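> Following is a predicted model, sequence given first.
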Amino acid sequence: MERKTTTETVFRCLGLGLAALLGPASVSAAPDLGTATNAVSSHGVELIAFEAPGCIYCPVFRRDVVPTYAASRAGKTAPLRFVDINDEAADSLKLTSPVTIVPTLVLVRDGVEIGRISGYVGPLNMHRILDTMLPRD
């Protein structure tokens, strides 16, 4: 297996960030009603994605995760909602600690945090982590 040098890794990350910045999804961190739901599941569980304007990984999350999220086990159990970290709606949630990294996914039950994924970890890792946090049927 070929090992990447630090310089190659840095340029790859910068390239991903630049692609995210230049892509059409990066115009705003405001909720996109076409990809978010405002429903809460029958378990009272929802997944809240905290975003911020200028975040280079927020549009990457939307591009890589959102299109298939609703069909996943997590999507069927915990509808996805986007919240701008600067929005007053963020203050109404009972979080265990402040959100300091975006994107951050917070799994809540009846408005109270039950799990968190800080930063963009990719779709496969995100689903693996979420599966351990979701309530069992």
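Here it is on my side, so go on. Numbering: from 1, shown residues only.
> Report how many residues lie close to the closest residue to residue 119 other than its chain neighbours.
Of all residues beyond its chain neighbours, the one nearest residue 119 is residue 101 (5.0 Å), with distances taken as CB to CB, 6 or more residues apart in numbering. Where C-beta positions appear, they are placed from N, C-alpha and C, glycine not excepted. Neighbours of residue 101 under the rule other CB atoms under 10 Å: 15.
> how about residue 101, secondary structure?
Per DSSP: H, G, I helix; E, B strand; the rest coil, the secondary structure class of residue 101 is coil.
> Test my guess that it contacts residue 116.
No - taking contacts as CB atoms under 8 Å, residue 101 lies outside contact range of residue 116: 10.0 Å.
> And the residue nearest to residue 119, how close does it get to residue 73?
Look at residue 101 and residue 73: by CB to CB, to the nearest Å, they are 25 Å apart.
> and if you look at residue 49?
17 Å.
> When these two are compared, which one has more neighbours?
Between residue 49 and residue 73, residue 49 has the larger neighbour count (other CB under 10 Å), namely 24 against 12.
> ok, that one - contacts?
Residue 49 is in contact with 61, 80-83, 103-105, counting by CB atoms under 8 Å, 6 or more residues apart in numbering.
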